[in-house]
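Here is a sequence together with a model predicted from it:
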Amino acid sequence: MSRIYDRSEQLFAEAKTLIPGGVNSPVRAFKSVGRNPVFIDRAEGAYLYDVDGNKYVDYVGSWGPMIVGHVHPEVSEALKAAIDRGTSYGAPTELESRLAKLVLEAFPAMDMVRMVNSGTEATMSALRLARGYTGRSKIVKFEGCYHGHADSLLIKAGSGALTLGVPTSPGVPANIANNTITAPYNDLETLKAIFAEAGDDIAAIIIEGVPGNMGVVPPAPGYLQGVRELTRQYGALMIVDEVMSGFRVDFGGAQTLYGVEPDLTCLGKIIGGGLPVGAYGGKAEIMEKVSPAGPIYQAGTLSGNPLAMTAGIITLEILKRPGTYAALDEKAAYLADGLAKAAEKAGVPVWTNRVGSMLTGFFTDKPVIDFASACTSDTAAFGTYFRAMLDRGVYLACSQFEAAFLSLAMTKEDLDFTIAAAEEAFQVVAAE
Ligand code: PMP
């Protein structure tokens, strides 16, 4: 294609000498799709603009947060005003209570919430709280679910019903990994077997509300309810990680959409409106154990930062307006349908999973219901598709195992532009 990426190439070459891999978060390096990343200059509405002047329809949305679109006028105006009042105080503000109220109103399972600075901090802190509250050490996580990079959660599955964790990363000590049990997602029977064996030692199950980190894989009907019952039966806590799904699949997240009431909920991404925020919350009885109300320690110099609270408050106020989620769902359904037809026309097998405005097209003809089935995808074909879409002005998540996110800023023209690009891109895949 005729697009030029020279400036991005120069900046990436320089960045690699300064920053490990040239990026501050690994996936941004585009490693799994066989090309170098584009460097972004600015964003507006549904679009990204790179440093070479190329324009893209943006389906990454900063990996989820930008659900109202980039540089939303209401968010920008509020942020500009906030800057002039000071960027950080390290002291309580009314803004923190305003955001807390919005969050608690949206998530009835939460009585109290604590703000942190990232999703990683939220899940890490929720685990400490679950362990402190129950006095137990082990946790259960699911294969293919990502909960940030805290040591206990960087564990991948082995085989067998009860597999003691094997760290995904060097640097995670074995005695920490040993306390993480991994289980296959959407498989209640294996989970029951795990609890039958180790139930009295398990502090909590942590599960993504709608997994998006193996690509989008919705919970099977009744699955979350089954997890809920099992945790109750054994006195373990159920932690729903809604860092991605919170305020995304519904204003009240996956727990509202699927009608399940967890003990603790983790949030991030959208609640910061594009600034660094995470949060964890739950029942008062449990949250009252968090310092300084209780003995379980957790803190943060920049937690509740006034700029981040401001962006979060305005973003949630926009999302709260009637019709928002119906509009997102309608856009996403239209896009998913157009993409599926484009793939079919080119004869490329694609299995699409979608929940509201998050979706993944897996390059496989098999139903994708868990991590193992997601792994049947042809990642080389995805790489070809990704590169062809990028060259046609569509910025997708640079891995098969990620979600595409829509924003309120996207118009029918943007979606039609994307579908037209996909028609060509699938032909490129078919020709390889
Ligand atoms: N949990 C989930 C479900 C996530 O998707 C992510 C990030 N993609 C995290 C936790 C970690 O959040 P952060 O990157 O803000 O630390």
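Thanks, I have the structure now. No experiment lies behind these values; they were computed from the predicted model shown.

what's the nearest residue to Met244 once chain neighbours are set aside in contact with, if anything?
Nearest residue to Met244 in three dimensions, chain neighbours excluded: Gly212, at 4.7 Å (C-beta to C-beta, 6 or more residues apart in numbering). C-betas here are computed from N, CA, C, even on glycine. When contacts are counted by C-beta atoms under 8 Å, 6 or more residues apart in numbering, Gly212 touches Gly64, Met244, Ser245, Met358, Thr360, Glu402, Ala403.

so the last one makes contact with Gly361?
Think Ala403. No: between Ala403 and Gly361 there is no contact under C-beta atoms under 8 Å: 10.4 Å.

how much space between the residue of the chain found nearest the ligand and Asn54?
The ligand sits closest to Gly119 of the chain, with a gap of 2.2 Å, by C-beta to the nearest ligand atom. According to C-beta to C-beta, to the nearest Å, Gly119 and Asn54 sit 29 Å apart.

Show me which of these two is the more surrounded one.
Just comparing Gly119 and Asn54: by other C-beta atoms under 10 Å the higher neighbour count belongs to Gly119, 30 against 19.

and the more buried one, what pLDDT?
Gly119 carries a pLDDT value of 98.

Specify the local secondary structure of Arg114.
At Arg114 the chain is in strand, as set by DSSP: H, G, I helix; E, B strand; the rest coil.

who in the stretch 201-350 of the chain is up against the ligand?
Residues of the stretch 201-350 of the chain that fall close to the ligand, judged by C-beta under 6 Å from any ligand atom: Glu208, Gly212, Asn213, Asp241, Val243, Met244, Gly268, Gly278.

Export these to a markdown table and append columns for pLDDT and secondary structure.
Below are those laid out as a markdown table (pLDDT from 0 to 100; DSSP: H, G, I helix; E, B strand; the rest coil):
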| residue | pLDDT | secondary structure |
| --- | --- | --- |
| Glu208 | 97 | strand |
| Gly212 | 95 | coil |
| Asn213 | 93 | strand |
| Asp241 | 98 | strand |
| Val243 | 98 | coil |
| Met244 | 98 | coil |
| Gly268 | 98 | coil |
| Gly278 | 98 | strand |
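
and which of these is nearest Glu344?
Ranked by distance to Glu344 (C-beta to C-beta), these are led by Gly212 at 24.2 Å.

For the closest one, give its distance to Thr134.
Gly212 is 28 Å from Thr134, by C-beta to C-beta.

end-to-end on stretch 36-52?
Using C-alpha to C-alpha, to the nearest Å, the end-to-end distance of stretch 36-52 comes to 14 Å.

Show the average pLDDT along that stretch.
pLDDT averaged over stretch 36-52 gives 98.

Can you name the element that comes right after the helix or strand Thr384 falls within?
For Thr384, the element it lies in under DSSP states H and E is helix 379-391. Remark: after helix 379-391, the chain's next helix or strand is strand 394-395, criterion DSSP H and E.

ok, that next one: who's next to it in the sheet?
Under the criterion DSSP bridges, strand 394-395 sits next to strand 55-58 (parallel) in its sheet.

Name the surrounding residues that touch the strand it pairs with.
Residues from elsewhere that reach strand 55-58 (C-beta under 8 Å, 6+ apart): 38, 43, 46-50, 66, 70, 390, 393-395, 407, 410, 414, 417-418.

where's it relative to the chain centroid, distance-wise?
20 Å (C-alpha atoms, centre = their mean, to the nearest Å).

is any part of stretch 137-157 close to the ligand?
Yes: on the criterion C-beta under 6 Å from any ligand atom, stretch 137-157 is in touch with the ligand at Tyr146, His147, Gly148.

Among these, name the ones in strands.
Among these, no residue falls in strands (DSSP state E).

Please tell me which one of those residues counts the most neighbours.
His147 (26 neighbours).

for it, what are its contacts?
Counting by C-beta under 8 Å, 6+ apart, His147 has contacts Gly119, Thr120, Thr123, Lys141, Leu153, Ile206, Glu208, Asp241, Val243, Cys266.

now with 6 Å?
Thr123, Leu153, Ile206, Asp241 (C-beta atoms under 6 Å, 6 or more residues apart in numbering).

Then Leu359?
Counted by C-beta under 6 Å, 6+ apart, Leu359 has contacts Val216, Ala332, Ala336, Ala404.

I'd like to know which of these are part of helices.
Cross-referencing the contacts of Leu359 against helices under DSSP state H gives Ala332, Ala336.

how about the contacts of Leu359 in TSV, adding distance to Val103, pLDDT and neighbour count?
Listed next are these as TSV, based on distance: C-beta to C-beta, whole Å; pLDDT from 0 to 100; neighbours: other C-beta atoms under 10 Å:
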residue	distance to Val103	pLDDT	neighbour count
Val216	23	97	27
Ala332	24	98	21
Ala336	29	98	19
Ala404	25	98	26
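
So which of the contacts of strand 55-58 reach the ligand?
Within the contacts of strand 55-58, nothing lies near the ligand by C-beta under 6 Å from any ligand atom.

In helices, which of these appear?
Of those, the ones assigned to helices by DSSP H are Leu390, Asp414, Phe417, Thr418.

what about the residue found closest to the third one once you drop the neighbours it is linked to in the chain, neighbour count?
Nearest non-adjacent residue to Phe417, counting by C-beta to C-beta, 6+ apart: Val57, 6.2 Å away. Taking other C-beta under 10 Å as the criterion, the count of residues near Val57 is 24.

Next: Ala100.
19.

what secondary structure does it sit in?
helix.

Please report how far the closest residue to Pro37 other than its chain neighbours lies from Leu48.
Spatial nearest neighbour of Pro37, excluding adjacent residues (C-beta to C-beta, 6+ apart): Phe30 at 4.5 Å. Distance of Phe30 to Leu48, computed by C-beta to C-beta: 14 Å.
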